[in-house]
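Participant: Coordinates for the following, if possible.
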Amino acid sequence: MKKTTVLRKAIMERRAVVVPGCYDALSARVIETCGFEATQISGFGLAASVLGQPDVGLVQMKDILDISYNIAQAVTIPVMADVDTGGGNAVNAAWITERVIMGGLAGMNIEDQVFPKRCGHMAGKEVIPAEEMAGKIRACASVRDQADRDFIINARTDAFAIAGLDEAIRRCNLYLKAGADLAFIDGIKTRQDVEQAVRKIKGPLSVNLMDAISGMKTELIPIPELARLGVGRVSIPVASIMVTHKALMNFFAALKQAPQGILPGQTQWVSSFEQFTDFVGLKEYRKMEESYLPREQMEEKYHDVSKIVG
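Facilitator: Model prediction:
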């Protein structure tokens, strides 16, 4: 089954399929290995990992497409891209949609913010007219319908923080009518808001959750409860980059403070070398070498092939 079909089926069942955010191929593979059905690329995570900058529209679209392609090729589960505002107007957004589908992504998020955009949980957001965004969605949907009808277009509105829930719901329905498959109200606050949105939006709703992360706007609601409400997708977009940031800060702070500048025996900080190289597929790479490289070349590389295990 195509990845796009797998993702569409999961979302349309409205069982609150959990789609954690990744920011590179490694984090995507971790998410897959831990058993999640799909992953989405976090624009917040890309900005932080690629540029060391906040999510305020600084990552170039070419970089977004290149990294998204690498992530999609690294895992077997469906991956959703984050194309921010679509690279410009409706024509730009259609072009980007074509490239995203060609890159093997199963879906994408596109939002109605004014460029330069910013993370949905930051202050200072602005939105474009709803009709302009609907035009972008129509253009993207036209490309989808020609290339792969199962490809998911997630229409995100940031109108909640600016104009309230009713306007956010109005925009979601407008975008769904224009051809979006999934609607997402970023920064929605309470359980009651989510319940009302599910009732009034004429299509599946996506909800963000930021478990154990302070400073976020959306109330934490258990996944089974979101499933009972009929939510289509639950994203946990920034956890991967936040976990990485804390782990790196803790480790290098401890290393800097260590009297000898080393941490002997403190294996709790890291995976072992063998664990990590196994995870990224070194043994499989070695098997390919043994299958296809001349034995003389292998012996020269490794000296005694029989004793080399990776």
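Participant: my read: residue 207 touches residue 236, true?
Facilitator: No: assessed by Cβ atoms under 8 Å, residue 207 is found out of contact with residue 236, at 10.1 Å. Where C-beta positions appear, they are placed from N, C-alpha and C, glycine not excepted.
Participant: need the contact list for residue 119.
Facilitator: Applying Cβ atoms under 8 Å, 6 or more residues apart in numbering, we find residue 119 in contact with 43, 44, 54, 55, 56.
Participant: rerun at 7 Å
Facilitator: Residues in contact with residue 119 (Cβ atoms under 7 Å, 6 or more residues apart in numbering) are 44, 55.
Participant: pLDDT at it, what is it?
Facilitator: pLDDT for residue 119: 72.
Participant: what about it, is that helix, strand or coil?
Facilitator: Assigned by DSSP: H, G, I helix; E, B strand; the rest coil, the conformation of residue 119 is coil.
Participant: Of residue 207 and residue 236, which one has the most company?
Facilitator: residue 207 (24 against 21; other Cβ atoms under 10 Å).
Participant: name the element that one belongs to?
Facilitator: Following DSSP states H and E, one finds residue 207 within strand 205-208.
Participant: Tell me which strands that strand pairs with, and in which orientation.
Facilitator: strand 182-185 (parallel), strand 233-236 (parallel) (DSSP bridges).
Participant: highest average neighbour count across the ones you listed?
Facilitator: Among the strands paired with strand 205-208, ranked by average contacts under mean count of other Cβ atoms under 10 Å, first place goes to strand 182-185 (a mean of 27).
Participant: residues in contact with that strand?
Facilitator: Contacts for strand 182-185 (Cβ under 7 Å, 6+ apart): 11, 109, 152, 154-157, 160, 168, 172, 175-176, 197, 201, 203-206, 232-233.
Participant: Now, these that are in helices?
Facilitator: Of those, the ones assigned to helices by DSSP state H are 11, 160, 168, 172, 175, 176, 197.
Participant: which one of those residues has the most neighbours?
Facilitator: residue 175 (30 neighbours).
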